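In: model this:
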Amino acid sequence: MASIARISIPPPMAEGLSPKSISRMLSSFPKSRLSSSLALVTPIRSRRLGIRAAGTPSPAVEEEQKQNDESMSIDALHRFFDLNVGNWNGSFYQFDANGNILQNVSTKLAVSTYGEDELISLIQSLYIKQPPSRTSIAGDEEEEPEWLEYKIKETNMFTVDKYQQIGFFPKEKAFALRYQTAGMLETVLRAGVLGEDDTGEESPKNLKIPSRRPSVVCENCLYSLNKDMRTRAFHIMDPKGVLEMLLIFLEERGGGMPAISSPNKLEGTEDRLTPMLGRWEGHSITKRSGVYGATIAEADTVALLELDDKGQLIQDITSTTSGTSSTTNVAWTGVVSNNLVTFDGGFQLTLMPGGMYMGCPCDIAKSVAHLQSFHLEFCWMESPNKRQRLVRTFDVEGLAVSSTYFYEVKV
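Out: Modelled structure (predicted):
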């Protein structure tokens with residue numbers, strides 16, 4: 001007889017720690033602004049581990065650090081770099097928590113490596129297309145577009161675990177990163193075309209500037225199943241633990257400028273829910289981080305998403321662990337309001353154009369207060385009957401617990 005566990009609230013994650021973690025996670029952030037070098041600062045995990053008064057790490061701290069250091073091998077690091085290297089052309093989109101587009105601009109990303117073996121590093125330069133000059137006169141010859149360059153902090157064997165906590169799926173071409181603060185996004189959104197310039201004016205208008213001290217910033221990246229193209233999705237939670245904005249980079253390696261759609265179409269009221277409805281069958285792979293055992297688990301999955309007679313959204317997900325008869329079922333009921341789905345239990349989905357949605361807790365602070373871990377989700381339905389999902393799970397202090405990749409087909 002198969003063992004079945006039925007859960008009617010978001011699935012339990014890692015056990016919670018001290019309630020003091022609430023304040024450390026949501027309010028104990030550096031008070032100074034990040035530098036324009038785009039550096040990522042010390043992760044939440046460092047404060048969680050702590051240091052003795054004498055300045056010497058405890059044996060438990062040293063062991064946890066050792067385990068985490070071993071969470072990505074040099075071979076996996078090289079494969080991660082190979083996946084990212086190249087010239088990526090694309091577009092940047094900014095959405096509010098309800099899925100309304102706030103801004104979109106053209107971007108280029110140049111990615112290369114230097115060094116060898118354990119000393120290899122990934123270097124990235126992001127180029128943001130600037131708006132036309134404000135001093136140009138109608139009838140003048142069109143100017144060459146100007147691109148501002150932003151250097152992104154190098155990624156290497158040290159930073160990959162210490163600062164970014166990468167959950168990497170080489171075969172599936174997917175990865176998730178967790179930043180303590182906005183890092184690159186802080187500078188990109190606050191300087192030049194996407195923020196306040198030297199005159200203090202905001203350019204472009206109507207751009208929502210993120211909090212200086214966000215509680216969580218998570219990047220989930222999925223690669224196209226059909227071509228050398230990818231989408232990178234960012235959740236940005238404000239200092240109170242509530243979703244502040246969603247960012248999307250849609251990029252194609254070495255090709256032209258891809259786009260979800262034209263800006264006007266993106267701002268339309270097209271139906272984003274109906275394509276998601278139906279029965280989805282697939283497979284999942286879960287990788288737990290080094291400090292949580294560095295284990296890998298696989299499962300067969302069935303997801304049902306449908307509207308009932310009352311217009312409520314019913315989501316029912318069944319997962320059967322590979323090689324066993326152990327089955328877990330998660331059932332949620334949600335309310336749909338425009339492009340926002342709010343489920344009982346405090347989880348929300350923001351429906352986005354291009355067959356995408358992004359999910360997160362309605363209030364991370366509440367999860368932390370109840371000593372519950374939480375997860376962030378990104379889904380990309382590139383074609384009408386195939387989709388990929390990436391779920392990133394965190395403990396109550398913001399330390400990445402695991403990453404789960406899903407590949408599903410509508411039947």
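
In: can you get me a residue count around residue 345?
Out: 15 (other C-beta atoms under 10 Å). Yep, even glycine has a C-beta here, placed from its N, CA and C like the rest.

In: with residue 235 instead?
Out: Residues contacting residue 235 under the criterion other C-beta under 10 Å number 26.

In: check contacts around it.
Out: When contacts are counted by C-beta atoms under 8 Å, 6 or more residues apart in numbering, residue 235 touches 216-218, 220, 243, 246, 358, 360, 376.

In: redo those residues as CSV? Include pLDDT and distance to residue 275.
Out: Formatted as CSV, the contacts of residue 235 follow (pLDDT from 0 to 100; distance: C-beta to C-beta, whole Å):
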residue, pLDDT, distance to residue 275
216, 81, 28
217, 84, 28
218, 89, 24
220, 95, 20
243, 92, 23
246, 94, 18
358, 97, 15
360, 95, 21
376, 95, 22
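
In: do you have the helices of this protein handy? List them.
Out: Using DSSP state H, the helices of the chain run over 21-27, 44-49, 59-69, 74-84, 159-162, 184-190, 263-266, 364-369.

In: on that earlier part again, out of the contacts of residue 235, what pair is the most spread apart?
Out: 220 and 243 (14.3 Å; C-beta to C-beta).

In: comparing those two, which shows the higher neighbour count?
Out: In terms of neighbours (other C-beta under 10 Å), residue 220 is the more surrounded of residue 220 and residue 243; the figures are 27 against 23.

In: would you agree that one is in contact with residue 232?
Out: Yes - using C-beta atoms under 8 Å, residue 220 is in contact with residue 232, at 7.4 Å.

In: what sits opposite the closest residue in space to residue 84 that isn't next to it in sequence in the beta ladder?
Out: Sequence neighbours aside, residue 111 is the residue nearest to residue 84 in space, at 5.1 Å (criterion: C-beta to C-beta, 6 or more residues apart in numbering). Residues in a beta bridge with residue 111, per DSSP bridges, are residue 86, residue 124.

In: relative to residue 310, how far out is residue 111?
Out: 49 Å (C-beta to C-beta, to the nearest Å).

In: repeat that for residue 224.
Out: 37 Å.

In: more neighbours, the two?
Out: Ranked by neighbour count (other C-beta under 10 Å), residue 224 and residue 310 place residue 224 first, with 18 against 7.

In: surely the more buried one meets residue 386?
Out: No - contact criterion C-beta under 8 Å: residue 224 and residue 386 do not qualify, at 10.7 Å.

In: leaving out sequence neighbours, find the closest residue to residue 311.
Out: Per C-beta to C-beta, 6+ apart, closest to residue 311 is residue 336, 7.1 Å.

In: quick one, what contacts the one you found?
Out: Residue 336 touches 273, 307, 311-313, counting by C-beta under 8 Å, 6+ apart.

In: who wins for most neighbours among the residues you listed?
Out: Result: residue 313 is most packed of the contacts of residue 336 (other C-beta under 10 Å), 20 neighbours.

In: need the contact list for it.
Out: Residue 313 touches 273, 305-307, 333-336, 341, 343, counting by C-beta under 8 Å, 6+ apart.

In: next: residue 277.
Out: Under the criterion of C-beta under 8 Å, 6+ apart, the neighbours of residue 277 are 305-307.

In: look up how far residue 171 lies from it.
Out: 29 Å.

In: buried residues in stretch 305-322?
Out: 305, 313, 315, 317-321 (16 or more other C-beta atoms under 10 Å).

In: what pLDDT, on average, does stretch 336-356 get?
Out: The average pLDDT for stretch 336-356 rounds to 94.

In: same question but for stretch 254-264, I mixed them up
Out: Here the average pLDDT along stretch 254-264 is 56.

In: can you check stretch 383-402 too?
Out: For stretch 383-402, the per-residue pLDDT averages 89.

In: kindly check the end-to-end length of that stretch for me.
Out: 27 Å (C-alpha to C-alpha, to the nearest Å).

In: next one: stretch 128-146
Out: End to end - C-alpha to C-alpha - stretch 128-146 spans 8 Å.

In: ok so, going back, nearest to residue 397, of the contacts of residue 235?
Out: Relative to residue 397, and with distances defined as C-beta to C-beta, the nearest of these is residue 216, at 10.8 Å.

In: partners of that closest one in the sheet?
Out: If you apply DSSP bridges, the partners that residue 216 bridges to are residue 237.

In: residue 404 versus the residue lying closest to residue 321 once chain neighbours are set aside, what's the distance?
Out: Spatial nearest neighbour of residue 321, excluding adjacent residues (C-beta to C-beta, 6+ apart): residue 299 at 5.0 Å. Distance, residue 299 to residue 404, using C-beta to C-beta: 9 Å.

In: and these two? Which one has more around it.
Out: residue 404 (24 against 21).

In: perfect, that will be all.
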